[in-house]
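1. got a sequence here, can you build the structure:
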Amino acid sequence: ICVRSPDYDCYKSGRPQCCSKNNGKDCPKEITMCDNHPEGGGGWNYCTQSPDFDCYKGGRPSCCAKNSLNCPQKQPSCDKKKSSEELASQRF
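-> Below is the predicted model:
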């Protein structure tokens, strides 16, 4: 992701923060969350939203436990398997 054209609408430096560390070797393969938000406006970050324990084992996607700016822009799918009881209760 560090060799793509700079995106100053999304990133303050034009690229994800991970690109400036360790020559970008620690960056994920997918495009990461934006960090270029107006002063005082935090922008949207699913790692800072209320935890969802029905969807994620720890309440949030596992990437949020590390550096949330390395999380993909699109929120990861749920990682928690639903029990057979939960699945049965969803049926009509």
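2. give me the pLDDT for the most centrally placed residue in the chain.
-> The centroid of the chain falls nearest to residue 71 when counting by Cα atoms, centre = their mean (3.1 Å). On pLDDT, residue 71 comes in at 78.
3. ok, how many other residues are close to the residue nearest to residue 54 when sequence neighbours are not counted?
-> Using Cβ to Cβ, 6 or more residues apart in numbering and skipping the chain neighbours, the partner closest in space to residue 54 is residue 80 (7.1 Å). (Each C-beta comes from the backbone N, C-alpha and C, glycine too.) The burial count assigned to residue 80 is 14, neighbours taken as other Cβ atoms under 10 Å.
4. distance check, residue 80 against residue 22.
-> 32 Å (Cβ to Cβ, to the nearest Å).
5. need the contact list for the residue nearest to the centre of the chain.
-> With contact set as Cβ atoms under 8 Å, 6 or more residues apart in numbering, residue 71 has these partners: 28, 32, 33, 46, 47, 61, 63, 64.
6. the spatially closest residue to the fourth one that is not a sequence neighbour: which element?
-> Ranked by Cβ to Cβ, 6+ apart and with sequence neighbours excluded, the top spatial neighbour of residue 46 is residue 75, at 4.7 Å. In the assignment (DSSP states H and E), residue 75 maps to no helix and no strand.
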